[in-house]
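Visitor: Pasting the sequence and the predicted coordinates here, then a few questions.
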Amino acid sequence: MWPRIGGLRSLALGTPGEQRARLNALVLAGVKTATAGLIDEYAEEGEEMERAGERLALVDDHDALIGVVEVTGVEVTRFADVPWDFARSEGEGDRSIEEWRAGHAAYWARIGTPVTDDTLVACIRLRLVSTEGGTAT
């Protein structure tokens, strides 16, 4: 199960270190308004999928709270069918859906969960509600 902070499930983006710091900075800057997860990971970790309206604790490498995000939408789709508007909302600088797919496939392969076109992906849209020090815009 994911750690809880103040009753909220935690959202730990990417892998610890430079990647997580970069992704968290994008969320805190309001640039990253979406994230993708693999459906199989929810069952492996004993977690339910996020739902619209749910608030999540955005955490750093040490599971310390750095912000709160609200889920604004969730859609499950095949990896090959993730739409460009969603990929662009991840705010990571991809210039095309092909670039997004290549980068995400490489990431998931690196962490030991290779994907195929038919792998189910949770496309989670979110908005920053507050930062550790106060309220966001």
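Guide: Alright, I've got the coordinates.

Visitor: Quick check, Glu41 in contact with Ile111.
Guide: No. Using Cβ atoms under 8 Å, Glu41 is not in contact with Ile111, being 9.8 Å away. Heads up, the C-betas are built off the backbone N, CA and C, glycines and all.

Visitor: What residues sit buried inside the longest helix seen in the chain?
Guide: Ranked by number of residues, the top helix in the chain under DSSP state H is helix 97-110. Residues 97, 100-101, 104-105, 108 are the ones in helix 97-110 that count as buried (16 or more other Cβ atoms under 10 Å).

Visitor: roughly how far is that helix from the heart of the chain?
Guide: Centroid separation for helix 97-110 versus its chain: 14 Å, with Cα atoms, centre = their mean, to the nearest Å.

Visitor: Which residues does that helix contact?
Guide: By Cβ atoms under 8 Å, 6 or more residues apart in numbering, the residues outside helix 97-110 that reach it are 14, 36, 38, 79-80, 82-84, 87, 90, 92, 94, 114-115.

Visitor: can you tell me which of the residues you listed lies nearest to Asp60?
Guide: For the contacts of helix 97-110, the residue nearest Asp60 by Cβ to Cβ is Gly14; the value is 11.4 Å.
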